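*Asks:* Have a look; sequence and predicted model below, questions after that.
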Amino acid sequence: MIFGYNILYCSDNIYNKIGDISLINRWIGTRQYQIRGLVYSFVNSINDYSYDKPDDYNELEMKSILDNYDYEDIPSDKKVNIISIMLEAYNDFSKYDSIEFNYDIYEPLHEIEDNSLHGNLITKIFGGGTINTERNFLTGYYDFPSFRNKTNSYVWYFKEQGYTTEAYHPIYGSFYNRITADYNLGFDNYYYYENKFSSIQESFVDDNTFFDYIIEGYENNKKTNKPYFNFSVTYQNHGPYNSEVYEDKIYYINNKNYNIETYNTISEYFSGIKKTNDAFSKLVKYFDNEDEPIIIIFFGDHNPYLGETGYDELGINLDLSSVEGFLNYYETPYVIHANESAKKMFNKTFVGKSNDISPIFLMNELFDYFELGGNSYMKYMSSLKNNVDVITEYFYKEDNNYILKEDSIYKNKINEYQKMNYYYSNNYNS
């Protein structure tokens, strides 16, 4: 039994080869269990309920370090409404000179960036794994617990500060177990396909429609006289992308002898991105006209998968051994936009180039610009961010320079962060 457990039952390679995935939606964990059987799936998943303690982990030591950072309330006159939106498979491909656009589909994005703080997220995923960037942002964790119980997060902090906290995603609530995890992260409400959007239309709503319901959530909350924190995840632009020719298909880039399937795939992707940019421009204009102070944060979760040869044909270097290829692989944009009331609230312009950071530091980027501290864990993360603000499996960005992970000069700080990550994510309300 011991041999079978370690060698067979816990092998992800064996597990992933068993069962007919064509029969299910692969992104729903419970469907994965259905095609492999209850007992085998249960035994295989035991290790998913927790992750291993880091080497030399000492709980009292981590508690002592965190106790050095005070919990700071948000002043009553600085409780701004925050609308945060993670955009599916979103990146700005206009930055690549090798692509010739025949229509500026990114004009709305660039207009918003010109009047906002903006930078790049250096994610740790490509073509999928949306949940990683999502929970990086909401928690500041690089490694995750199971989220099957109440778990410390920045959402809980907003809730403690008197905010209404809501999450929106127009797809199945069971994806990545959000239907359980989002409440354990501190959201008052989580609206998803089954409990909201399926009554609007049978198919998954596009961004233009989806953003209207974000506005509706904000408007409904105004009646409570409470500040509002909304986190929404889009579904439009999720792959795979149609590689077929069909009537009225629009091609936004010039065909530079691309493979026809690649050209169709890329064009399908850009067609969705144009719709997203137009919808986002409408959303920003709406909140710009609001009297209440509002911050809008939006960011891409990961780059799209464009087929086996898509990036090569577009002339985009994805060589992970080089900094250029590494950034092309993992980089997505983020924007922090403030309406006039929010600018007056903080007496800041909210315009300019921000740091390129890992998603675990995005909330810190916002609070540091606010000149607010947040809770003790957020302060700890801001302290780490002063030296290391990109952490991945390949490169770190330390003192504003990208270096190979093995050449880090802050290994002790990063090792301490890994232990703090474990401590804070496994000790709710610590």
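*Replies:* Yes, it's here.

*Asks:* switch to C-alpha atoms for all contacts and neighbour counts from now on
*Replies:* Will do.

*Asks:* pLDDT averaged over stretch 306-325 - what is it?
*Replies:* Taken as a whole, stretch 306-325 carries a mean pLDDT of 94.

*Asks:* And it, end to end?
*Replies:* Criterion C-alpha to C-alpha, to the nearest Å; first-to-last residue distance in stretch 306-325 is 16 Å.

*Asks:* Could you pull out the buried residues of that stretch?
*Replies:* By neighbour count, with 16 or more other C-alpha atoms under 10 Å as the criterion, the buried positions of stretch 306-325 are 306-307, 310-311, 313-314, 316, 318, 323.

*Asks:* quick one: contacts of it?
*Replies:* Residues outside stretch 306-325 that contact it (C-alpha atoms under 8 Å, 6 or more residues apart in numbering) are 96, 98-99, 241, 258, 262, 265-266, 326, 328-329, 394-395, 402.

*Asks:* before we move on, the earlier item: which members of the buried residues of stretch 306-325 are the farthest-apart pair?
*Replies:* By the measure C-alpha to C-alpha, 307 and 323 form the most distant pair in these, at 22.5 Å.

*Asks:* Helix, strand, or coil at residue 165?
*Replies:* What DSSP: H, G, I helix; E, B strand; the rest coil gives for residue 165 is strand.

*Asks:* what about it, how many residues close to it?
*Replies:* Look at residue 165: counted by other C-alpha atoms under 10 Å, it has 22 neighbours.

*Asks:* Give the bridge partners for it, please.
*Replies:* Bridge pairing for residue 165 (DSSP bridges) gives the partners residue 229.

*Asks:* For it, which residues are in contact?
*Replies:* Per C-alpha under 8 Å, 6+ apart, neighbours of residue 165: 155, 158-159, 186-189, 228-230.

*Asks:* Tell me, what's the model's pLDDT at it?
*Replies:* For residue 165, the predicted pLDDT is 98.

*Asks:* How much space separates it from residue 83?
*Replies:* Distance of residue 165 to residue 83, given as C-alpha to C-alpha: 10 Å.

*Asks:* Common neighbours of these two, please.
*Replies:* Contact criterion C-alpha under 8 Å, 6+ apart; residues shared by residue 165 and residue 83: 228-230.

*Asks:* Buried by neighbour count: which residues of the longest helix seen in the chain qualify?
*Replies:* In the chain, taking DSSP state H as the definition, the longest helix is helix 260-288. Using 16+ other C-alpha under 10 Å as the test for burial, helix 260-288 gives 261-284, 287-288.

*Asks:* Could you work out the end-to-end span of stretch 359-376 for me?
*Replies:* Start-to-end, stretch 359-376 (C-alpha to C-alpha) is 18 Å.

*Asks:* That one: which residues count as buried?
*Replies:* In terms of neighbour count (16+ other C-alpha under 10 Å), stretch 359-376 has its buried residues at 359-367, 372-376.

*Asks:* Just the strands from the protein, written as ranges.
*Replies:* Counting by DSSP state E, one finds strands in the chain at the ranges 81-87, 117-122, 164-168, 189-191, 228-233, 294-300, 331-338, 352-353, 388-391, 395-398, 401-404.

*Asks:* Please tabulate those in CSV, including the columns distance to residue 104.
*Replies:* Formatted as CSV, the strands of the chain follow (distance: least, C-alpha to C-alpha, whole Å):
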stretch, distance to residue 104
strand 81-87, 19
strand 117-122, 19
strand 164-168, 29
strand 189-191, 34
strand 228-233, 25
strand 294-300, 19
strand 331-338, 17
strand 352-353, 22
strand 388-391, 31
strand 395-398, 32
strand 401-404, 31
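
*Asks:* between the ones you listed, which gets nearest to residue 53?
*Replies:* strand 388-391 (18.9 Å).

*Asks:* Can you list the strands that the closest one pairs with?
*Replies:* Strand 388-391 has these strand partners (DSSP bridges): strand 395-398 (antiparallel).

*Asks:* Distance from the chain centre to the partner strand, please.
*Replies:* Chain-centre distance of strand 395-398: 20 Å, with C-alpha atoms, centre = their mean, to the nearest Å.

*Asks:* What are the contacting residues of it?
*Replies:* Strand 395-398 is contacted from outside by 323, 387-391, 402-405, 408-410, using C-alpha under 8 Å, 6+ apart.

*Asks:* Nice, that's everything, thank you.
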